[in-house]
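>>> A structural model of the following input is requested.
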Amino acid sequence: MKAALLRRHTLTRRVVLTVCGAIGLVWLGLIALEFVQTRLLESDNPGLARNVRAMHEVLQGVESPQLAANFIQGIARMGRSQRRLAHIEATNIIQVRDLRDGRIVFRTPGDLQIEQLEPGYSSRLVAGTLYNIYTEQDARWEIAAGQANLPSIWLLKQINREMSTNVLIALPCVLIPVWMAVWLGLRPLHKLANSISKRDPDDLTPLQVTQRHAELTLLAGAFNLQLAKVGRLIARERAFLQDAAHELRTPMAVVAVNAHAVANAGTVEERSAAEARLHSGLSRTSHLVDQLLALTRLDVGRPREMAVRDVVSIVRDELADVAPTAVAKRIDLALEAPDSLDQYVEVHALRSIVRNLADNAIRYGSTGGRVIVTLTTAADSWVLSVADNGVGIPEADRERVFERFYRGDHEDLQGTGLGLAIVRAAAARLGGTASILNGIDGRGCNFIVRLPITDQSAQNTYNTPRATLG
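Down below sits the predicted model:
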């Protein structure tokens, strides 16, 4: 259980691990710095110079070479003992020369001999080993002491041993305050989470939490903003369901009445008339259900199924489906478009736009009128327009006609009031807009759908004459 808690990804765990990592980096950095400084001091070692000066002071006034050798030998033994106790793995050499005759009176270790040098620091190879040497002279004695470079592995071990003690003492002194600060800092967040988890599922009221911390105030504000969006969405969906139920009530009542009439018809003529009304009611109910499903499918929250398609071909197919209705009303249905126009679109969304705009123009257009569908391109968009010369829509109602179930002054027509709402939803899903202008020769309406040209679109446009479809 404890191991599982340690493996959990929490902010406290991340901060503590980050601090540990930072301390580790500082640890390594100090070791590297100490190592470099020690190497630099080896060539200009003040401790070596102090030892040589001390030996020089000891030999002041000593005339006997043997006595001088005994003094220096005692000092050398003491130095070896100190290095052994300190576990220093380094070779030191000491040499004393009598300048009166140039004879070496003492040297250590063994047969290592240092050539006569100028006073001060120098580096020399002695028996194949590089030594850093310091030399001191007077009228009688020349004293030279040298120290070989310390082995790198041993030096790193020594530095690490000294640093480890300091770091291990500092580690809890740093981690405990950091852990406390993070824990105390996250307590308001836990309280906020608990207050949210205790709310009722249908409670969309804003959080009434006063926070001293700017970050939590920002979080609470963002949560309240999201609650407001969800509230508006739920209210819209409830209104939609109520309107849908209201709209379905009428055709379903017609179906029930006419089904009863069919069952109780006294003559063949009455039965045929009732069956015709029944079929009409069923058709209207089916169309309403199809429109409701189409509107649901165009929800912007659903993933889009985009692909490069020839939009001219799609528009032509949809217009061919409504052409018989246009012919029945003697409406001149025409398409003005290039031979092909490849665009990155969602096919069912584009079909919904064309189908509903064309159906709307024919349904509300005047008998013997005209409907012109146009496809054009601009610098960064392509435009689909459907214009007619029918009765038109008053300026005051041009925005409202995109609302669900709104039919304006045409309540008597067999429409659902969802066609233009579907058009706007489909245009928004494709990243475009839908608007209304005056129609042909200033009469009727011209519905403009402007959609963006994306990088995936490959355009092939060729001017063609106007094609008449109905």
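
>>> please parse the chain into its domains.
Here the domain assignment for the chain is 2-40+156-186, 47-150, 214-296, 304-468, based on automatic domain parsing.

>>> pLDDT below threshold where in the stretch 151-300 of the chain?
Across the stretch 151-300 of the chain, the ranges flagged by pLDDT under 70 are 151, 209-213, 239-251, 254, 280, 283-300.

>>> now do the helices in it.
For the stretch 151-300 of the chain, helices defined by DSSP state H, counting those that start in this stretch occupy the ranges 152-197, 214-263, 268-297.

>>> picking that back up, Ile196 is nearest to which of the domains of the chain?
domain 214-296 (7.3 Å; Cβ to Cβ). Where C-beta positions appear, they are placed from N, C-alpha and C, glycine not excepted.

>>> ok, back up a step: return the most buried member of the helices of the stretch 151-300 of the chain.
Sort the helices of the stretch 151-300 of the chain by mean neighbour count, taking mean count of other Cβ atoms under 10 Å, and helix 268-297 sits at the top with a mean of 15.

>>> picking up where we left off before, any chance of CSV for the domains of the chain, columns distance to Asp203?
Below are the domains of the chain laid out as CSV (distance: least, Cβ to Cβ, whole Å):
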stretch, distance to Asp203
domain 2-40+156-186, 25
domain 47-150, 72
domain 214-296, 9
domain 304-468, 27
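
>>> please name the nearest non-neighbouring residue to Ile234.
Spatially, and ignoring its direct neighbours in sequence, Ile234 is nearest to Leu204 (7.5 Å; Cβ to Cβ, 6 or more residues apart in numbering).

>>> and the one you found, its phi and psi?
In terms of degrees, to the nearest 10, the main-chain angles of Leu204 are phi -110, psi 20.

>>> let me see the contact set for it.
Taking Cβ atoms under 8 Å, 6 or more residues apart in numbering as the contact definition, Leu204 lies against Leu227, Ala228, Val230, Gly231, Ile234.

>>> which of these sits closest to Lys329?
Closest to Lys329, out of all of these and judged by Cβ to Cβ, is Ile234, at 41.5 Å.

>>> and the closest one, how far from Phe223?
Per Cβ to Cβ, to the nearest Å, Ile234 is found 16 Å from Phe223.

>>> again with His260
Taken as Cβ to Cβ, the span from His260 to Phe223 is 54 Å.

>>> from memory Leu150 sits against Asn45, does it?
No - counting by Cβ atoms under 8 Å, Leu150 stays clear of Asn45, with 10.9 Å between them.

>>> which parts of the protein are strands?
Along the chain, the segments classed as strands by DSSP state E run 92-98, 103-108, 120-126, 129-137, 141-148, 307-310, 332-336, 342-345, 370-377, 381-388, 433-438, 445-452, 467-468.

>>> want to throw these into TSV with mean neighbour count and mean pLDDT?
Compiled in TSV, the strands of the chain are given as follows (neighbours: other Cβ atoms under 10 Å; pLDDT from 0 to 100):
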stretch	mean neighbour count	mean pLDDT
strand 92-98	21	83
strand 103-108	17	83
strand 120-126	13	75
strand 129-137	19	80
strand 141-148	23	82
strand 307-310	14	89
strand 332-336	19	91
strand 342-345	22	88
strand 370-377	20	91
strand 381-388	21	91
strand 433-438	16	89
strand 445-452	21	91
strand 467-468	12	48
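
>>> what would the ones you listed look like in a markdown table with distance to Arg77?
Shown next, in a markdown table, are the strands of the chain (distance: least, Cβ to Cβ, whole Å):
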| stretch | distance to Arg77 |
| --- | --- |
| strand 92-98 | 11 |
| strand 103-108 | 9 |
| strand 120-126 | 20 |
| strand 129-137 | 20 |
| strand 141-148 | 14 |
| strand 307-310 | 92 |
| strand 332-336 | 112 |
| strand 342-345 | 91 |
| strand 370-377 | 100 |
| strand 381-388 | 96 |
| strand 433-438 | 98 |
| strand 445-452 | 92 |
| strand 467-468 | 115 |
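
>>> so which of those is nearest Gln37?
strand 129-137 (14.8 Å).

>>> using CSV, write out every CA atom in that closest one.
Taking Å, rounded to 0.1, in the frame of the first residue of the first chain, the C-alpha atoms of strand 129-137 are listed here in CSV:
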residue,chain,number,x,y,z
THR,A,129,56.5,10.4,-12.2
LEU,A,130,55.5,14.0,-12.5
TYR,A,131,56.1,15.9,-9.3
ASN,A,132,55.2,19.5,-8.3
ILE,A,133,58.3,20.8,-6.5
TYR,A,134,59.0,23.8,-4.3
THR,A,135,62.7,24.8,-3.7
GLU,A,136,64.1,27.0,-1.0
GLN,A,137,67.9,28.0,-0.8
